[in-house]
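Asker: Kindly return the folded structure for what I paste below:
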Amino acid sequence: MVSSMLGGPPLSKSPALVLAWLLIGLVFTATPSGARHPLLPTTITPNTLRANAIDEYVKGNTDSALDIYEQAADLASRQYGGNSYYVGDLYYEMGSIALQGAKFQRAEAYLTQAVKIRPNSVTARARLVDLLLLRGRKDEAREHAKQAVIKHPDSLEAR
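Answerer: From the prediction side, this is the model:
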């Protein structure tokens, strides 16, 4: 027996040692190299939530992805400030996913927030223009397109 080879009592006579060896074995053999043990606490960050949202989106769960993105945006706003570029990027990603999923009301709210946080982002403003045109709101779309060209006159995306 392994325990008697190590100089300890036979495991069959010591239930506590058997349990200890099993628990140690779980920690060292049940997880792949570099992975966290599922029972150990993990830190939830905006990045981990964003990764989970992307994973849900890839699986085809758009609503779930957007819900998780909202959690990421809320946490990022508290940690980095509501006007941080990271929060703006999250809203842009949320708006793009909602637009692609034909969730136009959510897409407009997210993209409007992205433009509010990052008014110089040609990409966010261009995506909002696409949405407004799709919804038949040409005057609003034209105004956003005009703002993009004023801020970035050499940008092909703005034109």
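
Asker: just the helices in the chain please.
Answerer: In the chain, the segments counted as helices under DSSP state H are 2-5, 15-29, 46-58, 62-80, 85-100, 104-117, 122-134, 138-151.

Asker: Turn the ones you listed into TSV, columns for mean neighbour count and mean pLDDT.
Answerer: In this view, the C-beta of every residue, glycine as well, is placed from N, C-alpha and C. Compiled in TSV, the helices of the chain are given as follows (neighbours: other C-beta atoms under 10 Å; pLDDT from 0 to 100):
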stretch	mean neighbour count	mean pLDDT
helix 2-5	10	41
helix 15-29	11	46
helix 46-58	17	94
helix 62-80	18	95
helix 85-100	21	94
helix 104-117	20	95
helix 122-134	21	90
helix 138-151	15	80
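
Asker: residues touching the residue nearest to L133 when sequence neighbours are not counted, list them.
Answerer: Nearest non-adjacent residue to L133, counting by C-beta to C-beta, 6 or more residues apart in numbering: A141, 4.7 Å away. By C-beta atoms under 8 Å, 6 or more residues apart in numbering, the residues touching A141 are V129, L132, L133.

Asker: Pull the contacting residues for the second one.
Answerer: With contacts defined as C-beta under 8 Å, 6+ apart, the neighbours of L132 are E108, K138, E140, A141, H144.

Asker: List the single closest residue to the second one in space, sequence neighbours excluded.
Answerer: It refers to K138. The nearest residue in space to K138 (C-beta to C-beta, 6+ apart) is L132, at 7.6 Å.

Asker: Distance check, that neighbour against N47.
Answerer: Distance, L132 to N47, by C-beta to C-beta, to the nearest Å: 31 Å.

Asker: Next: D89.
Answerer: 12 Å.

Asker: hey, what's in contact with both of those two?
Answerer: Contacts common to D89 and N47, judged by C-beta under 8 Å, 6+ apart, are absent.

Asker: so can I have JSON lines of the contacts of L132 showing distance to G82?
Answerer: Shown next, in JSON lines, are the contacts of L132 (distance: C-beta to C-beta, whole Å):
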{"residue": "E108", "distance to G82": "19"}
{"residue": "K138", "distance to G82": "31"}
{"residue": "E140", "distance to G82": "24"}
{"residue": "A141", "distance to G82": "26"}
{"residue": "H144", "distance to G82": "21"}
